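In: return a 3D structure for these sequence lines:
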Amino acid sequence: MKQHFILLALLLSIIQIQAQPVPQNDTDTLWMRRTHDSYTLNFSPDSKYLMSWGDSPTIKIFETETGNIVNTIPAMRNPVFDLDNKHVYGNNNNFISKYDLDTKSITSSLDKESTDEYGFNDLSGDGKYFVATYQKGFKIWETNTGKLIKTKIFENESNLQDISFIHIRFNCDNSKIICAIKKEYTNPNGPDPIIWGGFIEFDINTLDSIRDLGNANDWVLSPNCNYIAYKYFLKDNGVRVFNLNSMELYRIINTNGPSITGMVFTSDEKYLIISHDGGGDRIEVWDLENNSIVYTYSTGGPISALGLSKDDRYLAASTYERLYMYKTFYNSVNENKNFINNINSYPNPTNSNIILEFSVIKSGNINIEFVNEIGQPLNPIKNEFYIEGDYSLNIDTQNIISGFYFIKFKQNNNTQLFKIQIVK
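Out: As a prediction, the model looks like this:
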């Protein structure tokens, strides 16, 4: 049985924003913040914090649960959390520096030659070593002493014009390093250079190349290093997953390769999460065993960066001007705390009334209110005890200016959000 409540009018006024496509799945949204364009999104090892590095003079660190900014530090390129959750390593004006989040200061820097210019970097899984690419190859340091212990130099080759290093990281037992390399050679038949690219695996002790892992546009390792996923500029099968030990093809993922902006495995390696831009503007969760999409997140904007917490409970996505934090419900790792489902509204977008329908699946007191994009409450809608069943609200929005808003449902400490758009 449906119970109908009429909200006579919501007399609100907030800053008008530019209209964008409406996400389809908003009950998963934990919070949203307006912020800079993010290049990388990294969670702390304990999953309590999210670090966003992007086109800003500062790096912002958010509390995962609340979205509150708990720390702002000077911009360093390619920052990574230390295992103690209290320090951050990053490229600070071509010095690999260690920043103390408590004292808000740089406590040390790794050894450096004056001409070095560092690019991509990674911290080993045990926190003992740090690797960074530079003009001629890559270097490895001990983190406790800051001393440089190994240098890999790629020798000059005939007709080699340029060499660049696109990405680098340790494998899971820290015995190997995988580096993406791009080489440009003089073309005797024309002005355009001959380009070679590939992923090479190196022994960390000898720095000898062990094997060529192939070539693709981007790649990501699974947490236990059982798989490696490659991105290709292919419309229909843009991702291929290989067994890292044998390099046998495990799965071909039928997704649009040119629009992929991020890939990340879940900790159990059962799922591969893929983000898109360029019209897709969505996040797909692929079940690798069944090779099928089991969940999607719609962000309402092109995604520039993607991050998954170490405990698999939170998924972060940057849409250039907004940072979203989602709760994950695709995996049994995360206890499903939903108390509302089947949320729908029509019409959406709207310029008049909205009919909001939902089902209560856990009886209890539920506070329903209208909030703006940064979670500030605007108008109460309903705050009462609900039993399990179907409900409907008729909301008059005629006096509300154009923009995006959330309907917020809260039961005890659990919150669910649903986005609506008003266009006048």
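In: now do the strands in the stretch 1-150 of the chain.
Out: With DSSP state E, counting those that start in this stretch as the criterion, the stretch 1-150 of the chain has strands at 3-7, 29-34, 38-43, 49-54, 58-63, 69-74, 77-81, 87-92, 95-100, 105-109, 121-123, 129-134, 137-142, 148-153.
In: closest one to residue 318 among those strands?
Out: strand 38-43 (3.5 Å; CB to CB). From N, CA and C alone the C-beta is placed, and that goes for glycine too.
In: domains of the protein?
Out: Using automatic domain parsing, the domains assigned to the chain come out as 3-18+338-422, 31-327.
In: return the most buried member of these.
Out: domain 31-327 (a mean of 17; mean count of other CB atoms under 10 Å).
In: quick check: residue 207 touching residue 152?
Out: Yes - Residue 207 is in contact with residue 152 according to CB atoms under 8 Å; the separation is 4.5 Å.
In: mind listing the residues bridging to the spatially most central residue of the chain?
Out: In the chain, the C-alpha nearest the mean C-alpha coordinate belongs to residue 306, at 1.6 Å (CA atoms, centre = their mean). When bridges are called by DSSP bridges, residue 306 pairs up with residue 317.
In: out of the domains of the chain, which gets the lowest mean score?
Out: Ranked by mean pLDDT, the domains of the chain end with domain 3-18+338-422 at the bottom, a mean of 74.
In: ok, residue 195 touching residue 184?
Out: Yes - here residue 195 reaches residue 184: they are 5.6 Å apart, a contact under CB under 8 Å.
In: am I right that residue 258 is in a strand?
Out: No - Residue 258 sits outside any strand when classified using DSSP: H, G, I helix; E, B strand; the rest coil, being helix.
In: can you pull the contacts of it?
Out: Counting by CB atoms under 8 Å, 6 or more residues apart in numbering, residue 258 touches 233-235, 238, 278.
In: let's see that with 7 Å instead.
Out: 233, 235, 278 (CB atoms under 7 Å, 6 or more residues apart in numbering).
In: in terms of helices and strands, where is residue 223?
Out: Assigned by DSSP states H and E, residue 223 falls within no helix or strand.
In: just to check, it is in contact with residue 270?
Out: No - with contact defined as CB atoms under 7 Å, residue 223 does not count as touching residue 270 (11.0 Å).
In: in space, what's closest to residue 56 - neighbours in sequence excluded?
Out: Nearest residue to residue 56, sequence neighbours excluded (CB to CB, 6 or more residues apart in numbering): residue 36, at 3.7 Å.
In: same thing with residue 55?
Out: residue 37 (4.8 Å).
In: list the contacts of that neighbour.
Out: Contacts here follow CB under 7 Å, 6+ apart; on that basis residue 37 touches 54-55, 304, 318, 320-321.
In: could you check how far it is from residue 65?
Out: Distance, residue 37 to residue 65, using CB to CB, to the nearest Å: 24 Å.
In: with residue 136 instead?
Out: Counting by CB to CB, the gap from residue 136 to residue 65 is 44 Å.
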